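K.L.:
Model the structure of this input:
(one chain, ligands or ions: 1)
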Amino acid sequence: MNQQAALAFRCMDLTSLGNQDTPEMIEALCAKARYHEHQVAAICVFPEHVTTAKRALNAQVGPTVPVATVTNFPQGSTDVVRAVEETQRALAAGADEIDVVLPYHALLAGDKKVCEQLVGSVKDACGDTALLKVIIESGELQTAAQIRLASQLSIANGADFIKTSTGKVPINATLMAAKEMLHVIATDNPACGFKAAGRIRTLADAVEYFALAESILGSEYLCPKFFRLGASSLLTDLIEHS
Ligand SMILES: O=C[C@H](O)COP(=O)(O)O
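P.N.:
Reported below is the predicted structural model:
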(Lines give C-alpha, C1' and ligand atoms only; values in the text may rest on other atoms or scores of the structure.)
Protein backbone atom coordinates (compact mmCIF):
# COMPACT_ATOMS: atom_id res chain seq x y z
CA MET A 1 0.00 0.00 0.00
CA ASN A 2 1.32 3.45 -0.73
CA GLN A 3 1.65 5.83 2.21
CA GLN A 4 -1.65 7.63 1.70
CA ALA A 5 -3.59 4.41 1.17
CA ALA A 6 -2.05 2.98 4.33
CA LEU A 7 -3.06 6.09 6.29
CA ALA A 8 -6.62 5.87 4.93
CA PHE A 9 -6.73 2.18 5.87
CA ARG A 10 -5.54 2.85 9.41
CA CYS A 11 -8.03 5.72 9.82
CA MET A 12 -10.96 3.77 8.40
CA ASP A 13 -14.00 2.63 10.36
CA LEU A 14 -14.68 -0.31 8.06
CA THR A 15 -18.45 -0.31 7.97
CA SER A 16 -21.33 -2.62 7.21
CA LEU A 17 -24.70 -1.10 8.00
CA GLY A 18 -26.93 -2.92 5.56
CA ASN A 19 -30.38 -4.10 6.57
CA GLN A 20 -29.63 -7.51 5.09
CA ASP A 21 -26.34 -8.06 6.95
CA THR A 22 -25.88 -11.63 8.20
CA PRO A 23 -23.41 -12.99 10.78
CA GLU A 24 -21.46 -14.55 7.90
CA MET A 25 -21.16 -11.14 6.22
CA ILE A 26 -19.92 -9.59 9.47
CA GLU A 27 -17.33 -12.35 9.88
CA ALA A 28 -16.15 -11.73 6.31
CA LEU A 29 -15.91 -8.00 7.04
CA CYS A 30 -13.85 -8.60 10.18
CA ALA A 31 -11.41 -10.75 8.20
CA LYS A 32 -10.58 -7.59 6.21
CA ALA A 33 -9.66 -5.58 9.31
CA ARG A 34 -5.97 -6.35 8.86
CA TYR A 35 -3.91 -5.87 5.69
CA HIS A 36 -0.27 -6.85 6.09
CA GLU A 37 1.07 -4.74 8.98
CA HIS A 38 -1.89 -2.35 8.98
CA GLN A 39 -5.19 -2.59 10.82
CA VAL A 40 -8.31 -0.49 10.48
CA ALA A 41 -9.33 1.99 13.19
CA ALA A 42 -12.57 0.11 13.93
CA ILE A 43 -15.20 -2.18 12.51
CA CYS A 44 -18.65 -0.51 12.48
CA VAL A 45 -21.78 -2.68 12.50
CA PHE A 46 -25.39 -2.60 13.63
CA PRO A 47 -25.87 -3.32 17.37
CA GLU A 48 -27.23 -6.82 16.76
CA HIS A 49 -23.90 -7.77 15.18
CA VAL A 50 -21.56 -6.44 17.88
CA THR A 51 -21.12 -9.82 19.55
CA THR A 52 -20.38 -11.53 16.24
CA ALA A 53 -17.87 -8.83 15.30
CA LYS A 54 -16.09 -9.07 18.66
CA ARG A 55 -15.84 -12.83 18.40
CA ALA A 56 -14.69 -12.75 14.77
CA LEU A 57 -12.05 -10.09 15.41
CA ASN A 58 -10.71 -11.98 18.41
CA ALA A 59 -10.46 -15.15 16.37
CA GLN A 60 -9.17 -13.69 13.10
CA VAL A 61 -7.29 -10.48 13.80
CA GLY A 62 -6.73 -10.15 17.53
CA PRO A 63 -8.53 -8.06 20.13
CA THR A 64 -6.95 -4.72 19.21
CA VAL A 65 -9.50 -3.66 16.60
CA PRO A 66 -12.38 -1.86 18.34
CA VAL A 67 -16.00 -2.52 17.45
CA ALA A 68 -18.13 0.56 16.80
CA THR A 69 -21.89 0.52 16.55
CA VAL A 70 -24.71 2.96 15.91
CA THR A 71 -27.55 4.09 18.17
CA ASN A 72 -30.53 6.34 17.60
CA PHE A 73 -29.77 5.39 14.00
CA PRO A 74 -30.49 6.59 11.42
CA GLN A 75 -33.54 8.68 12.28
CA GLY A 76 -32.05 10.80 15.08
CA SER A 77 -35.09 10.55 17.35
CA THR A 78 -35.65 12.83 20.33
CA ASP A 79 -36.28 9.84 22.61
CA VAL A 80 -33.37 10.27 25.02
CA VAL A 81 -34.32 7.27 27.17
CA ARG A 82 -34.40 4.94 24.19
CA ALA A 83 -31.06 6.24 22.86
CA VAL A 84 -29.48 5.64 26.27
CA GLU A 85 -30.97 2.15 26.53
CA GLU A 86 -29.77 1.24 23.03
CA THR A 87 -26.32 2.51 23.97
CA GLN A 88 -26.25 0.55 27.24
CA ARG A 89 -27.26 -2.63 25.43
CA ALA A 90 -24.57 -2.09 22.79
CA LEU A 91 -21.93 -1.53 25.46
CA ALA A 92 -23.06 -4.63 27.35
CA ALA A 93 -22.66 -6.59 24.10
CA GLY A 94 -19.06 -5.39 23.91
CA ALA A 95 -19.12 -2.25 21.75
CA ASP A 96 -16.06 -0.04 22.19
CA GLU A 97 -17.32 2.96 20.26
CA ILE A 98 -20.82 4.44 19.93
CA ASP A 99 -21.88 6.47 16.88
CA VAL A 100 -25.11 8.17 17.98
CA VAL A 101 -27.31 10.24 15.70
CA LEU A 102 -28.09 13.74 16.93
CA PRO A 103 -31.82 14.62 16.85
CA TYR A 104 -31.11 16.86 13.89
CA HIS A 105 -34.79 17.33 12.97
CA ALA A 106 -35.31 18.85 16.40
CA LEU A 107 -32.31 21.11 15.91
CA LEU A 108 -33.77 22.30 12.62
CA ALA A 109 -37.02 23.04 14.46
CA GLY A 110 -35.12 25.14 17.00
CA ASP A 111 -34.98 22.61 19.86
CA LYS A 112 -31.35 22.73 20.90
CA LYS A 113 -32.08 21.50 24.41
CA VAL A 114 -33.10 17.97 23.46
CA CYS A 115 -29.92 17.65 21.38
CA GLU A 116 -27.83 18.67 24.39
CA GLN A 117 -29.72 16.26 26.65
CA LEU A 118 -29.36 13.35 24.28
CA VAL A 119 -25.63 13.82 23.70
CA GLY A 120 -24.97 14.39 27.41
CA SER A 121 -27.00 11.35 28.48
CA VAL A 122 -25.41 9.05 25.92
CA LYS A 123 -22.00 10.37 26.98
CA ASP A 124 -22.82 9.46 30.59
CA ALA A 125 -23.74 5.96 29.42
CA CYS A 126 -20.40 5.67 27.58
CA GLY A 127 -18.43 6.82 30.61
CA ASP A 128 -14.68 7.04 30.21
CA THR A 129 -14.26 3.74 28.45
CA ALA A 130 -16.31 3.91 25.23
CA LEU A 131 -15.65 6.55 22.59
CA LEU A 132 -18.65 8.67 21.65
CA LYS A 133 -19.04 9.86 18.07
CA VAL A 134 -21.97 12.18 17.41
CA ILE A 135 -23.42 12.05 13.90
CA ILE A 136 -24.75 15.52 13.10
CA GLU A 137 -26.19 14.47 9.69
CA SER A 138 -24.63 17.50 8.04
CA GLY A 139 -26.34 16.87 4.68
CA GLU A 140 -29.76 17.46 6.25
CA LEU A 141 -28.71 20.61 8.09
CA GLN A 142 -29.50 23.43 5.75
CA THR A 143 -26.92 26.07 6.54
CA ALA A 144 -23.31 26.37 7.63
CA ALA A 145 -24.59 28.00 10.83
CA GLN A 146 -26.64 24.88 11.65
CA ILE A 147 -23.63 22.64 10.99
CA ARG A 148 -21.55 24.78 13.33
CA LEU A 149 -24.27 24.80 16.01
CA ALA A 150 -24.67 21.00 15.86
CA SER A 151 -20.89 20.61 16.10
CA GLN A 152 -20.57 23.06 18.99
CA LEU A 153 -23.28 21.53 21.13
CA SER A 154 -22.03 18.00 20.44
CA ILE A 155 -18.53 18.94 21.57
CA ALA A 156 -19.80 20.89 24.59
CA ASN A 157 -21.81 17.87 25.75
CA GLY A 158 -19.05 15.31 25.53
CA ALA A 159 -18.54 14.12 21.94
CA ASP A 160 -15.13 12.49 21.46
CA PHE A 161 -15.68 12.74 17.71
CA ILE A 162 -18.13 14.60 15.53
CA LYS A 163 -19.19 12.70 12.43
CA THR A 164 -20.77 14.05 9.29
CA SER A 165 -23.37 11.51 8.23
CA THR A 166 -25.24 8.25 8.62
CA GLY A 167 -24.76 7.30 4.97
CA LYS A 168 -28.56 6.95 4.78
CA VAL A 169 -29.58 10.37 3.45
CA PRO A 170 -29.12 11.88 -0.02
CA ILE A 171 -26.24 14.20 0.94
CA ASN A 172 -23.50 12.63 3.05
CA ALA A 173 -19.95 13.80 3.76
CA THR A 174 -19.01 16.94 1.88
CA LEU A 175 -15.88 19.05 2.05
CA MET A 176 -18.01 22.09 2.81
CA ALA A 177 -19.51 20.49 5.91
CA ALA A 178 -16.17 19.04 6.94
CA LYS A 179 -14.58 22.47 6.78
CA GLU A 180 -17.20 23.95 9.11
CA MET A 181 -16.89 21.04 11.54
CA LEU A 182 -13.09 21.11 11.58
CA HIS A 183 -13.06 24.84 12.27
CA VAL A 184 -15.39 24.32 15.24
CA ILE A 185 -13.07 21.57 16.52
CA ALA A 186 -10.05 23.88 16.13
CA THR A 187 -11.81 26.59 18.13
CA ASP A 188 -13.70 24.61 20.75
CA ASN A 189 -11.60 21.51 21.42
CA PRO A 190 -8.70 20.48 19.15
CA ALA A 191 -8.62 17.10 20.94
CA CYS A 192 -12.05 16.23 19.52
CA GLY A 193 -11.93 13.84 16.60
CA PHE A 194 -13.59 14.16 13.18
CA LYS A 195 -15.19 11.40 11.13
CA ALA A 196 -16.21 11.86 7.52
CA ALA A 197 -18.74 9.21 6.54
CA GLY A 198 -20.97 8.30 3.65
CA ARG A 199 -20.08 7.72 -0.01
CA ILE A 200 -16.32 7.95 0.50
CA ARG A 201 -15.24 5.37 -2.04
CA THR A 202 -11.82 6.21 -3.41
CA LEU A 203 -8.39 7.09 -2.14
CA ALA A 204 -8.76 10.37 -4.02
CA ASP A 205 -11.86 11.14 -1.90
CA ALA A 206 -9.95 10.32 1.28
CA VAL A 207 -6.97 12.45 0.31
CA GLU A 208 -9.19 15.51 -0.05
CA TYR A 209 -10.31 15.09 3.57
CA PHE A 210 -6.72 14.54 4.71
CA ALA A 211 -5.64 17.79 3.06
CA LEU A 212 -8.51 19.74 4.58
CA ALA A 213 -8.01 18.38 8.09
CA GLU A 214 -4.27 18.93 7.94
CA SER A 215 -4.71 22.52 6.77
CA ILE A 216 -6.96 23.30 9.75
CA LEU A 217 -5.60 21.10 12.55
CA GLY A 218 -2.09 20.16 11.47
CA SER A 219 -0.41 16.95 10.38
CA GLU A 220 -0.53 15.38 13.86
CA TYR A 221 -4.32 15.29 13.53
CA LEU A 222 -4.06 12.71 10.73
CA CYS A 223 -4.14 9.60 12.89
CA PRO A 224 -6.91 7.21 14.00
CA LYS A 225 -7.11 8.87 17.42
CA PHE A 226 -8.49 12.01 15.80
CA PHE A 227 -9.40 11.32 12.19
CA ARG A 228 -11.71 8.64 10.83
CA LEU A 229 -13.26 7.73 7.52
CA GLY A 230 -16.54 5.82 7.85
CA ALA A 231 -16.78 3.75 4.71
CA SER A 232 -18.24 0.52 3.39
CA SER A 233 -16.74 0.64 -0.12
CA LEU A 234 -13.34 2.30 0.20
CA LEU A 235 -11.26 -0.80 0.86
CA THR A 236 -11.10 -2.06 -2.73
CA ASP A 237 -9.63 1.19 -4.02
CA LEU A 238 -7.09 1.31 -1.17
CA ILE A 239 -5.88 -2.19 -1.96
CA GLU A 240 -5.52 -1.23 -5.61
CA HIS A 241 -2.93 1.29 -4.45
CA SER A 242 -0.66 -1.39 -3.07
O1 LIG B 1 -20.85 5.44 8.97
C2 LIG B 1 -20.59 5.06 7.86
C3 LIG B 1 -21.48 5.16 6.70
O4 LIG B 1 -22.74 4.60 6.97
C5 LIG B 1 -20.87 4.49 5.53
O6 LIG B 1 -21.47 4.94 4.38
P7 LIG B 1 -21.12 4.26 2.97
O8 LIG B 1 -21.82 2.92 3.00
O9 LIG B 1 -21.72 5.18 1.97
O10 LIG B 1 -19.65 4.10 2.85
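K.L.:
Now do the same for the residue of the chain found nearest the ligand: helix, strand or coil?
P.N.:
Going by CB to the nearest ligand atom, the ligand is nearest to Gly167 of the chain, at 2.6 Å. Every C-beta, even on glycine, is put in place using the N, C-alpha and C of the backbone. Under DSSP: H, G, I helix; E, B strand; the rest coil, Gly167 falls in the coil class.
K.L.:
The closest residue to it other than its chain neighbours: how many residues sit nearby?
P.N.:
In space, and not counting its chain neighbours, Gly167 is closest to Gly198: 3.9 Å by CB to CB, 6 or more residues apart in numbering. Counted with other CB atoms under 10 Å, residues neighbouring Gly198 total 24.
K.L.:
and the chain, which of its residues are near the ligand?
P.N.:
Counting by CB under 6 Å from any ligand atom, the positions of the chain adjacent to the ligand are 15, 17, 44, 166-167, 197-199, 230-233.
K.L.:
what do you get if the cut-off is 8 Å, keeping everything else the same?
P.N.:
Counting by CB under 8 Å from any ligand atom, the chain comes close to the ligand at 13, 15, 17, 44, 70, 99, 135, 163, 165-168, 172, 195, 197-201, 230-234.
K.L.:
Low-confidence ranges, this structure, go.
P.N.:
Applying pLDDT under 70 to the chain picks out no residues at all.
K.L.:
just the helices in it please.
P.N.:
Using DSSP state H, the helices of the chain run over residues 3-10, 23-30, 50-60, 80-93, 104-108, 112-126, 144-156, 175-188, 203-217, 235-240.
K.L.:
what comes up buried for the shortest one?
P.N.:
It refers to helix 104-108. The neighbour-count check on helix 104-108 (16 or more other CB atoms under 10 Å) flags 104, 106-107 as buried.
K.L.:
looking just at contacts, which helices and strands does it meet?
P.N.:
Contacts defined by 3 or more CB pairs under 8 Å, 6 or more residues apart in numbering; DSSP states H and E place helix 104-108 against helix 112-126, helix 144-156.
K.L.:
May I see the buried residues of stretch 184-204?
P.N.:
Within stretch 184-204, the residues that count as buried by 16+ other CB under 10 Å are 184-185, 192-200, 202-203.
K.L.:
Then stretch 142-159?
P.N.:
Across stretch 142-159, burial judged by 16+ other CB under 10 Å covers 146-155, 157-159.
K.L.:
which two of the residues you listed lie the greatest distance from each other?
P.N.:
Farthest apart among the buried residues of stretch 142-159 by CB to CB are Gln146 and Gly158. That separation is 20.1 Å.
K.L.:
Please report how far the nearest residue to Ser16 once chain neighbours are set aside lies from Gln39.
P.N.:
Closest residue in space to Ser16, ignoring its immediate chain neighbours: Leu29 at 5.0 Å, by CB to CB, 6+ apart. Distance, Leu29 to Gln39, using CB to CB, to the nearest Å: 13 Å.
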